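Asker: Kindly generate the corresponding structure for this input.
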Amino acid sequence: MATKPSILTTLAEQKSAAELQTMSRESLQWVTRKVAELRNPGRLAIPITKEKTRFTPPSSRQKFLMGGLYFFMYDPKGKDDLPYYDRFPLVMPLKRESDGFLGLNLHYLPIKYRINFMRKLMPLAIFNDEDEIKRIRITYAILDASKKFKEFRPCIKKYLYSHVKSRILTVEPNEWDIALYLPVQQFKKAPASKVWRESVEEIRNS
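Answerer: Numbers count the residues shown, from 1 in each chain. Reported below is the predicted structural model:
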């Protein structure tokens, strides 16, 4: 069976300013609608009071599908010692661990790099019975073994369930292209330009 074309191919090949502006408007409409769900305190998946941040409801642990794509608010452990971090990551989980999971935060890549990276991953997609993309079959070992996936290196992060500070927003595969294009990263302690510059340097030196 032939590999199904990537849903990102058209976006990645867009050149004109008009096309990019159209995608930008669609992106803003999408994020306004979706992220509003995360800002409703009455619907938080994980309590944020100091007394309750030591545990995570089982449903929150089960929400993450390996190879899916998710937004959530995050307050990292040891943040004072980090050079910078993203408060609103866009993450593809790779491996479950007892207290969290290993994942790729695509916000650490400039938008062009995000799109190109996802295009490389699409041949690893798993499809449902309707021939629609369900998730990406990906592991750290697969990424580390191939030079063509070197964009993953600045993105790999460990996320603790107890430090997720909002509901978990699932990005459906037919919305991946829009999510990748959104400039909604919330880097703290450094501007996005510095983060992206250092990420590109790491990729080129790997």
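
Asker: Go through the lengthiest strand in the chain and flag the buried ones.
Answerer: Ranked by residue count, the top strand of the chain under DSSP state E comes out as strand 90-97. Burial within strand 90-97, assessed by neighbour count using 16 or more other Cβ atoms under 10 Å, is assigned to Leu90, Val91, Met92, Pro93, Leu94. For every residue, glycine as well, the C-beta is placed using N, CA and C.

Asker: Which residue, neighbours along the chain excluded, lies closest to the third one?
Answerer: To tie it back to what came earlier, the one meant is Met92. Nearest residue to Met92 in three dimensions, chain neighbours excluded: Leu104, at 4.6 Å (Cβ to Cβ, 6 or more residues apart in numbering).

Asker: I'd assumed Phe152 was in contact with that neighbour.
Answerer: Yes: counting by Cβ atoms under 8 Å, Phe152 is a contact partner of Leu104 at 5.9 Å.

Asker: what about these two, which has more around it?
Answerer: Neighbour totals were compared for Leu104 and Phe152, and Leu104 leads with 27 against 24 (other Cβ atoms under 10 Å).

Asker: contacting residues for that one?
Answerer: When the contact criterion is Cβ atoms under 8 Å, 6 or more residues apart in numbering, the partners of Leu104 are Val91, Met92, Leu94, Phe152, Cys155, Ile156, Lys157.

Asker: where does the one helix or strand it maps to sit relative to the chain's centre, distance-wise?
Answerer: Per DSSP states H and E, Leu104 falls inside strand 100-105. Strand 100-105 has its C-alpha centroid displaced from the chain centroid by 9 Å (Cα atoms, centre = their mean, to the nearest Å).

Asker: which is the next helix or strand following it?
Answerer: Note on strand 100-105: by DSSP H and E, the next helix or strand toward the C-terminus is helix 111-121.
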